[in-house]
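Novice: sequence? don't have it. structure:
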């Protein structure tokens, strides 16, 4: 634009949409760190209480003839197939393929999610940062997802809607096929009361009967293991890296689509309901507080505090008068159901 001939309003608009210089080194470092923490989470079988960073022991699956170092530092030879506790080094040595698979697919889901947002900001010339991935070495997932920095005041109502919803839809585009494959190849096993498990989102509960005939599963297991009592037992499925990557994708997407503040769901809710979205957000936060106290799910307290610090109300867009149109409005309403199907309030299930 030739500023000499431009109107003052055009110059101001050009300054608003001109992106600042994006930080590059920090996003690369955080991406690399998240690759490591998700790889570790896969190697240590998604156990929040185990991590190679501190040299803790690991669970590994051994076959007859496999050697490993037990928790006393003694070298042992496995006589049968089993899941055993071993040194942290054996955790990496035996489980590195699981770690790589999990890392690749989790990072692919998160990257696709954030690129959905980022590419939409480029389309509308809204200044935004590169994705900042969040590594967490002591969590089951190895990560808390990723974020991009953007000021929604610089985008109008339709642009905020498109930017907000593009991420979840892009992430689910990969998450759903991975979920279907991971569930279809999951190995059935009888439930053990003492075992630590993972909460299944509603979508998983709906898909399992479609992908597995549980009566046939029990029958096949009883025959293969010469265990007639298996026909009377409750069954679950052993998690695999593909399913766990999809599980994380659903958890992150469902959490992001909660209708609060600067979350993706907060963007969508505000563009749908305008100023009334604040009552949706406040009602949800009140329900979340009551849920945490009623169910004693205090592991969500930190997340609740972070949202409260950010603020529950969504700021106005650059122009709230822009119409969404019937298709966007319908898509937005349907997208608010994503947490119902993908989010689980009980990600970890503890055995007796």
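Specialist: In hand now; what should we look at? Keep in mind that what you see is a predicted model, and the values were worked out from it rather than measured. Residues are numbered from 1 along each chain as shown.

Novice: which other helices and strands contact the top helix by length along the chain?
Specialist: In the chain, with assignment by DSSP state H, the single longest helix is helix 88-123. Judged by 3 or more CB pairs under 8 Å, 6 or more residues apart in numbering; DSSP states H and E, helix 88-123 is in contact with helix 25-43, strand 58-62, strand 67-69, strand 143-147, helix 157-184, helix 241-256. For every residue, glycine as well, the C-beta is placed using N, CA and C.

Novice: Quick check: next helix or strand after it?
Specialist: The element immediately downstream of helix 88-123 (helix or strand, assigned by DSSP states H and E) is strand 132-135.

Novice: and that following strand, what's its mean pLDDT?
Specialist: Averaged across strand 132-135, the pLDDT comes to 93.

Novice: Quick one: residues in contact with that strand.
Specialist: For strand 132-135, contacts defined as CB atoms under 8 Å, 6 or more residues apart in numbering pick out 26-27, 30-31, 33-34, 36-38, 107, 110, 142-149.

Novice: if we can go back for a sec, now, of the helices and strands packed on helix 88-123, which is deepest in the fold?
Specialist: Most buried of the helices and strands packed on helix 88-123, by mean neighbour count (mean count of other CB atoms under 10 Å): helix 241-256, with a mean of 25.

Novice: got the angle between the helix or strand just after that one and helix 157-184?
Specialist: On the C-terminal side of helix 241-256, the nearest following helix or strand under DSSP H and E is helix 264-273. Going by axes from the mean of the first three to the mean of the last three CA atoms, to 10 degrees, helix 264-273 is angled at 130 degrees with respect to helix 157-184.

Novice: packing partners for helix 264-273?
Specialist: Applying 3+ CB pairs under 8 Å, 6+ apart, we find helix 264-273 packed against helix 157-184, helix 277-295, helix 326-335.

Novice: Show me what the longest one packs onto, helices and strands only.
Specialist: The one in question is helix 157-184. Packing partners of helix 157-184 (3+ CB pairs under 8 Å, 6+ apart): helix 88-123, helix 202-211, helix 241-256, helix 264-273, helix 326-335, helix 338-342.

Novice: do the same with the last one
Specialist: For helix 326-335, the packing partners by 3+ CB pairs under 8 Å, 6+ apart come out as helix 157-184, helix 264-273.

Novice: May I have the strands that pair with the helix or strand following the first one, each with its orientation?
Specialist: Yep, that's helix 157-184 we're talking about. Downstream of helix 157-184, the first helix or strand assigned by DSSP H and E is strand 187-190. Paired strands of strand 187-190, with direction, are strand 235-238 (antiparallel) (DSSP bridges).

Novice: Tell me which residues are up against the strand it pairs with.
Specialist: If you take CB under 8 Å, 6+ apart as the criterion, strand 235-238 is touched by 183, 186-191, 197, 208, 212, 214, 217-218, 221, 243.

Novice: of all those residues, which two lie farthest apart?
Specialist: The most widely separated members of the contacts of strand 235-238 are 218 and 243, with 20.2 Å between them, by CB to CB.

Novice: Can you check which of the helices and strands packed on helix 157-184 gets nearest to residue 68?
Specialist: Closest of those to residue 68 is helix 88-123, at 4.8 Å (criterion: CB to CB).

Novice: Can you list the buried residues in the closest one?
Specialist: For helix 88-123, burial by neighbour count (16 or more other CB atoms under 10 Å) applies to 88, 90-92, 94-95, 98-118, 120-121.

Novice: Which secondary structure element of this protein has the lowest mean pLDDT?
Specialist: Within the chain, judged by mean pLDDT, DSSP states H and E, the helix or strand with the poorest mean is helix 8-17; its value is a mean of 42.

Novice: Name the residues that touch stretch 27-35?
Specialist: Counting contacts by CB under 8 Å, 6+ apart, the residues outside stretch 27-35 that touch it are 103, 107, 110, 129-135, 142-143, 146.

Novice: follow-up on the earlier one: I'd like to know which of the helices and strands packed on helix 157-184 is closest to residue 75.
Specialist: helix 88-123 (10.5 Å).

Novice: which residues does residue 344 contact?
Specialist: Residue 344 neighbours (CB under 8 Å, 6+ apart): 199, 200, 201, 250, 251, 254.
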